[in-house]
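Student: structure for this input, please:
(2 chains, ligands or ions: 2)
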Amino acid sequence: MVSHEPNSRNLSERAISARGVVKAFGSGDARTLALKGADFEALEGELHLIVGPSGCGKTTLLSVLAGTLGCDAGQVEVLGSMLTALSSAEVTRFRCRHIGFIFQQFNLIPTLTLLENVSVPMLLQGAPRREAEARASERLGQVGLGGRERQRPTQLSGGQQQRVAIARALVHEPRLVICDEPTSALDSVTGHQIMDLLSGAARAPGRCVLIVTHDPRIYGYADRISEMEDGRVTAVHSGHALGAFIQAAQRS
Amino acid sequence: MDCMFLIALKMLLGDRPKYWMLVGGLAFSSLLMTQQYFVFQGLLSWTTSHMRNMRASIWVVESRVDQVNETKAMRDTDVNRVRSVDGVDFAVPLFQGVLKARTPDGADKMIQMIGLHSGTLYGRPARMLEGDIEQLRLPNSVVIDTLAAETNRLGAGMGRPLRVGDTFEINDREARVVGICQTERHFFGYPYVFASYDQALQYAPRQRKMLSMILAEPKPGLDTAEVARRISAATGLRAFTVPQFEKATLKWVWTNTGIPISFLTTIILGFVVGVAISGQTFYSFVLENLRNLGALKAMGAGNGLLAGMLLVQSLTVGLIGFGIGIGLTALFGLTVAKGGQPPFKLEVPFLFQAMGGVVLICALAALFGIRRVARLEPAIVFRG
Ligand SMILES: Nc1ncnc2c1ncn2[C@@H]1O[C@H](COP(=O)(O)OP(=O)(O)OP(=O)(O)O)[C@@H](O)[C@H]1O
Ligand SMILES: [Mg+2]
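Tutor: Residues are numbered from 1 along each chain as shown, chains lettered A, B, ... in the order given. Ligands and ions are numbered 1, 2, ... in the order given. As a prediction, the model looks like this:
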């Protein structure tokens, strides 16, 4: 695995490049092709949205790109590593080092304190507990939850829990942050607070934030939007074209 | 990575109901296994209590006798045959039989009658609490143990424990208590009553042959086992050293009674119940935490680490449960079983075996969870 200093990277360098990704679920009559040869690219330093109708394969593509799901055909290169050529133990190690996760349902561990929840990615990398907790505490402060380290997730609102999840996703400075519907369980105001944090995170050098969403209200945060339909990426919007696309989407 | 084991413990501790269910199940299982085993050992030790109550070096019995609680009468002349074996320092007759005593209120109670050689009283109980054993040489005298002395035993109707000087009847003959001694309880549960050999023969129903056993001592400096072997060879009787007789008696209990089977069944049941309760509970704990485990897996926890976390969780509750279980067993030994009823004999090596059993239970319980987690797709965390 090649590791670069973030500063030596050009902002427009490719973070993800996927070609012809195919993924089927089930077998026989129950077989569904969730991805039918999807191509996808994402650049470092960008906040990238994946949008499309329900069932078009957004979550499946995101899982394949994050290395949590294997694919049946195609090539997936993430941060310079060819995931499709790595063993599953190597992929696990790769996720541990380089990827932060944010889930629709937050998925914080209810029996752990906020501090412990946020420390987990550091601990998984083998960091000493004190260092992990110091970093976790710092991150909690950055998402506006300073001083609540000893509380448990069940004591928080949904928006606060998602902020904890963001702190957890960023605590080990990953270069790729993966989010599936991070705002869809939240009201609009809270959703915008979350997106502010995530777009701030995308400004870190060398980092790419990849978000699957249904929610046109947050399109405005994107640097680039990939549209999916029926198992394929059908259009990519960026630059001037992006504004027009967003306006059209928000009007309908 | 060891920090993740701490996280694993916190995950389990945070789920109080499951935690206590697991600890409780394993404590129950440990209690059942150890308590039953120690009662079983106590019961087994009762089968050989004669040897500790009468403390002879060599026990000579009729050739068909297999164990210490069994008697087949020998001829009186057999004592002399044993005495004349080379290496025997002395040998004395012993009467052993279950007789009926009549209490002052007219009830019949079974007693374990022991007739000690009238001249030497060899085989006398180790500890006299009251009275004088030498007075057994007076007519119609007996020494009873504390069990016999208890209120409503041989003195039933007097409303108090038997004391030195009290009397009851054995086979219509007067038995005057001249002493009270301490004994280790016998398997049959009957109280010990000691008399001189000649007196015991008068209490017992008259039969052609009355000699139950011969107690012998080797000459100083000679090997007990060797002298016993010589006695067997020379007389055709069976001579046992104490360890030999204990072993033979235990073997007889194992092969001729249902006691070991029934205790072993309970002990195995304790193990199985432990596996069932903790396996079930732990598996449902794993299922309920599948999303969390999936999230950990997505974030980069490998199967090995997750398996280690589950093992740490199950072994921790296992050892806590075991601690509580043996604590309860010890409490049982110190309270309920303090008076020797039921018998209770602590054997330290079994504690380690039981701990091994509990560790095995926990490893099995964790194994189901580990298999489930190994099959877990980390991508499930993206599903709603
Ligand atoms: N584990 C699975 N087993 C079987 N079929 C699956 C599985 N996961 C996804 N699918 C199917 O694959 C297709 C794509 O699913 P996916 O979840 O990727 O869509 P999506 O775009 O994320 O939809 P949504 O917007 O509703 O979340 C769907 O038809 C879905 O039913
Ligand atoms: Mg989805």
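Student: and whatever residue of the stretch 1-150 of chain B ends up closest to ligand 1, how many residues sit next to it?
Tutor: Proximity of the stretch 1-150 of chain B to ligand 1 (CB to the nearest ligand atom) peaks at B:Met11, 25.4 Å away. Bear in mind the C-beta positions are built from the backbone N, C-alpha and C, glycine included. The local packing of B:Met11 (other CB atoms under 10 Å in any protein chain shown) involves 21 other residues.
Student: look up which helix or strand it falls in, please.
Tutor: Assigned by DSSP states H and E, B:Met11 belongs to helix B:2-13.
Student: which element is residue 19 on?
Tutor: By default, I'm working from chain A. Element membership for A:Arg19 (DSSP H and E) is strand A:14-25.
Student: nope, chain B please
Tutor: Assigned by DSSP H and E, B:Tyr19 belongs to helix B:16-46.
Student: that helix: which residues count as buried?
Tutor: B:18-19, B:21-46 (16 or more other CB atoms under 10 Å in any protein chain shown).
Student: scan chain B for its longest strand.
Tutor: Secondary structure of chain B per DSSP state E: the longest strand is strand B:88-102.
Student: partner strands of that one, with direction?
Tutor: strand B:108-116 (antiparallel), strand B:167-170 (antiparallel), strand B:213-218 (antiparallel) (DSSP bridges).
Student: list the buried residues in that strand.
Tutor: B:Val88, B:Ala91, B:Val92, B:Pro93, B:Leu94, B:Phe95, B:Gln96, B:Gly97, B:Leu99, B:Ala101, B:Arg102.
Student: tell me the mean pLDDT for it?
Tutor: Strand B:88-102 carries an average pLDDT of 96.
Student: contacting residues for the residue nearest the centre of chain A?
Tutor: Of all residues in chain A, the one closest to the mean position by CA atoms, centre = their mean is A:Ile178, 1.0 Å from it. Contact analysis of A:Ile178 by CB atoms under 8 Å, 6 or more residues apart in numbering or on different chains lists A:Leu62, A:Leu65, A:Ala66, A:Ile99, A:Gly100, A:Phe101, A:Ile102, A:Leu210.
Student: what parts of chain B come near chain A?
Tutor: Contact residues, chain B versus chain A (CB under 8 Å from any CB of the partner chain): B:1, B:3-4, B:6-7, B:10-15, B:291-292, B:294-302, B:305, B:377-379, B:381-384.
Student: and the strands in the chain?
Tutor: Assuming you mean chain A. A:14-25, A:32-43, A:47-51, A:73-78, A:81-82, A:99-102, A:176-180, A:208-212, A:224-229, A:232-238.
Student: wrong one, I was asking about chain B
Tutor: Along chain B, the stretches classed as strands by DSSP E are B:58-61, B:88-102, B:108-116, B:127-131, B:141-145, B:167-170, B:173-182, B:192-196, B:213-218, B:238-241.
Student: most tightly surrounded among these?
Tutor: Mean neighbours per residue, mean count of other CB atoms under 10 Å in any protein chain shown, is largest over the strands of chain B for strand B:141-145, with a mean of 28.
Student: got the CA coordinates for that one in CSV?
Tutor: Only the C-alpha atoms of strand B:141-145 are listed here, as CSV (Å, rounded to 0.1, in the frame of the first residue of the first chain):
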residue,chain,number,x,y,z
SER,B,141,-21.4,-51.2,79.8
VAL,B,142,-21.4,-49.3,76.5
VAL,B,143,-19.7,-46.2,75.1
ILE,B,144,-21.9,-44.3,72.6
ASP,B,145,-21.1,-41.6,70.1
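Student: partner strands of it, parallel or antiparallel?
Tutor: With DSSP bridges as the test, strand B:141-145 pairs up with strand B:173-182 (parallel), strand B:192-196 (antiparallel).
Student: quick check: residues of chain A near ligand 1?
Tutor: A:25-26, A:32, A:34, A:52, A:54-60, A:214 (CB under 6 Å from any ligand atom).
Student: PyMOL command for the buried members of those residues?
Tutor: Only the buried entries of those go into this PyMOL selection, using 16+ other CB under 10 Å:
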select buried, chain A and resi 34+52+56+57+58+59+60
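Student: farthest-apart pair in the residues of chain A next to ligand 1, please.
Tutor: A:Gly26 and A:His214 (24.2 Å; CB to CB).
Student: so which of the strands of chain B gets nearest A:Val91?
Tutor: Nearest to A:Val91 among the strands of chain B is strand B:238-241; the distance by CB to CB comes to 70.1 Å.
Student: residues contacting residue 174?
Tutor: You didn't pick a chain, so chain A it is. A:Pro174 neighbours (CB under 8 Å, 6+ apart): A:Arg97, A:His98, A:Ile99, A:Gly100, A:Pro121, A:Arg207.
Student: I was after chain B.
Tutor: B:Glu174 is in contact with B:Asn140, B:Thr167, counting by CB under 8 Å, 6+ apart.
Student: distance of it relative to B:Asp166?
Tutor: 11 Å (CB to CB, to the nearest Å).
Student: for the residue nearest the centre of chain B, give its distance to B:Pro104.
Tutor: Centroid check for chain B by CA atoms, centre = their mean gives B:Gly42 as the closest residue, at 1.4 Å. Look at B:Gly42 and B:Pro104: by CB to CB, they are 32 Å apart.
Student: cool, and A:Gln125?
Tutor: Using CB to CB, A:Gln125 is found at 85 Å from B:Pro104.
Student: how far away is B:Ile114 from chain A?
Tutor: 65 Å (CB to the nearest CB, to the nearest Å).
Student: before I go, just wanted to say thanks for your time.
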